[in-house]
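In: Here is my input; please provide its structure:
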Amino acid sequence: MTSTTLPIYLDNAASTPIDPEVWKEMQPYFENFTANPSSIHSHGRQAKVVVEKARKTIASLLNASPSEIFFTSGGTEADNTVLQSCVLYGGIKTIITSPLEHHAVLHTAEAWDKLGMIDLKMVKIDASGVIDLADLELLLSTSPKALVSLMQGNNEIGNLLDLQAVGELCVKHGALFHSDTVQTMGHYVHDVQNLPVHFLVGAGHKFHGPKGIGFLYAKSGVKFSPLMHGGAQERNQRGGTENVYGMVGIAKALSIAYDEMAAHENHIKDLKSYLIQGLQNNFPSIEFNGLSGDLEKSLYTVLNVRFPQIQDGDMLLFKLDIEKISASGGSACSSGTSVGSHVLTALNPNATGAAVRFSFSKNNTREEIDRVLEVLNKIIT
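Out: Numbering: from 1, shown residues only. Have a look, this model is predicted:
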């Protein structure tokens, strides 16, 4: 068996393989740190030290204070915590977001809107999914006590948002700014001392850490209240016994990501550019959804392709899977349902052709891209 016939994983926007160094770092804590970090005996205190060390590591990487970092089960919980907290305890009366957001934000905002707790407003987007900043400012000018929730990197089409520009508008109009940074955390530098944001989030499994662990950055001085009740953990902000192993893992993964960020970006950008060129040479009629085909304006980890020659997207993914190639038709959070991508529908509800999201990691190779192009040629032609 040659290496090109081995399984090829190109669904890294859904979840990345855990880094061996991260797993190595976590292993001793499965074996030797069995105590509850909230216990007052020596074993508990030792576990508590581990938790706080992980918190300090993440805070240092983001140029934040450890008191601004709160561990969660992942990005979804962190997003929900921000929106609920701002509505119930922060005096927020309006949530401004876009139709392209992750459902962790969209569904939560819609739920509060249906309950009559807030006024939900959608900022305009263009045909490529670019946020209309002029419209955002118009919405802000007529929305006192607003929370803006816009993701930095779209998980499906890869569009990048200018956090600085949006944050400055929020400052100008006295609004809070939350950004779902799940897709960008660990892939781009976040210096919260120089970013006008109030809330950022991270999920370990998006940057080669473990699943089931994430964190929320909440700017000091911003009112923040728990989503999870039932304990005094996380400085009374999240009930529940701490996931010590996960905290160790996510801190290690983020450290590696920051140490190797430039090299990983160069490597993955090369793979994305190589696939773009190969697709354009082999299938001149293809389209790239959103800005995913633009290396400078989209996540370097995501490429969303529309194949007009094929109408059944699920069948295309199935045929790729038979050839041991894993990709996605949209957000993995919606897989297994008959509901199509809400992001692609918002961009162009009448578009035809199968859409495939290829998402890359540091583990992928040019040889794998060659194999993908070979298989696509076989399927489509």
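
In: Tell me the secondary structure at Tyr60.
Out: Tyr isn't right for residue 60; it's Ser. helix (DSSP: H, G, I helix; E, B strand; the rest coil).

In: right, and Ala175 touches Thr142 too?
Out: No: counting by Cβ atoms under 8 Å, Thr142 is not a contact partner of Ala175; they are 11.6 Å apart. Bear in mind the C-beta positions are built from the backbone N, C-alpha and C, glycine included.

In: the more surrounded of those two?
Out: Ala175 (23 against 10; other Cβ atoms under 10 Å).

In: contacting residues for the more buried one?
Out: Contact analysis of Ala175 by Cβ atoms under 8 Å, 6 or more residues apart in numbering lists Ile96, Leu140, Ser143, Ala146, Leu147, Val148, Leu169.

In: Next one: Ile131 relative to Glu287, how far apart?
Out: Note on Ile131: its distance to Glu287, by Cβ to Cβ, to the nearest Å, is 21 Å.

In: Looking at these two, which one has more neighbours?
Out: Comparing Ile131 with Glu287 by other Cβ under 10 Å, the one with more neighbours is Ile131, at 20 against 15.

In: Adding pLDDT, distance to Asn63 and neighbour count, write the contacts of Ala175 out as CSV.
Out: Listed next are these as CSV, based on pLDDT from 0 to 100; distance: Cβ to Cβ, whole Å; neighbours: other Cβ atoms under 10 Å:
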residue, pLDDT, distance to Asn63, neighbour count
Ile96, 98, 27, 23
Leu140, 98, 27, 22
Ser143, 95, 30, 19
Ala146, 98, 26, 25
Leu147, 98, 23, 27
Val148, 98, 22, 27
Leu169, 98, 22, 20
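
In: Among those residues, which are located in strands?
Out: Ile96, Ala146, Leu147, Val148 (DSSP state E).

In: Any idea what the second one is bridged to?
Out: Right, the one you point to is Ala146. Counting by DSSP bridges, Ala146 is bridged to Thr94.

In: which ones are touching the residue positioned nearest the centre of the chain?
Out: Using Cα atoms, centre = their mean, the residue of the chain that lies closest to the mean C-alpha position is Val182, 2.4 Å off. Going by Cβ under 8 Å, 6+ apart, Val182 touches Gly75, His102, Met151, Asn155, Val201, Gly202, Ala203, Lys206, Gly214.

In: Just confirm the fourth one contacts Thr181, I think it does.
Out: When you say that, I think you mean Asn155. No: Asn155 is beyond contact range of Thr181, at 11.0 Å (criterion: Cβ under 8 Å).

In: Dump the ones in strands among the contacts of Ala175 to a markdown table, plus distance to Ala165.
Out: Shown next, in a markdown table, are the ones in strands among the contacts of Ala175 (distance: Cβ to Cβ, whole Å):
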| residue | distance to Ala165 |
| --- | --- |
| Ile96 | 15 |
| Ala146 | 17 |
| Leu147 | 17 |
| Val148 | 12 |
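
In: Out of the residues you listed, which is nearest to Phe33?
Out: Leu147 (37.8 Å; Cβ to Cβ).

In: Surely Val201 forms part of a strand?
Out: Yes: counting by three-state DSSP, one finds Val201 located in a strand.

In: ok, the spatially closest residue to it that is not a sequence neighbour to His102 distance?
Out: Excluding its sequence neighbours, the residue lying closest to Val201 (Cβ to Cβ, 6 or more residues apart in numbering) is Ala78, at 3.8 Å. Separation of Ala78 from His102 (Cβ to Cβ) stands at 11 Å.

In: the more surrounded of those two?
Out: Ala78 (29 against 23).

In: From Asn304, how far off is that one?
Out: 25 Å.

In: Please enumerate the strands of this structure.
Out: Under the criterion DSSP E, the chain contains strands at 8-9, 69-72, 94-97, 119-122, 146-149, 176-179, 199-203, 214-218, 287-288, 302-307, 325-326, 354-359.

In: Deepest in the core, which of those strands is it.
Out: Counting by mean count of other Cβ atoms under 10 Å, strand 199-203 has the highest mean neighbour count of the strands of the chain, with a mean of 28.

In: Gln46: which of the contacts of Val182 is nearest?
Out: Using Cβ to Cβ, those come closest to Gln46 at Gly214, 23.9 Å.

In: Would you state the predicted confidence (pLDDT) at that closest one?
Out: Gly214 is assigned 98 on the pLDDT scale.
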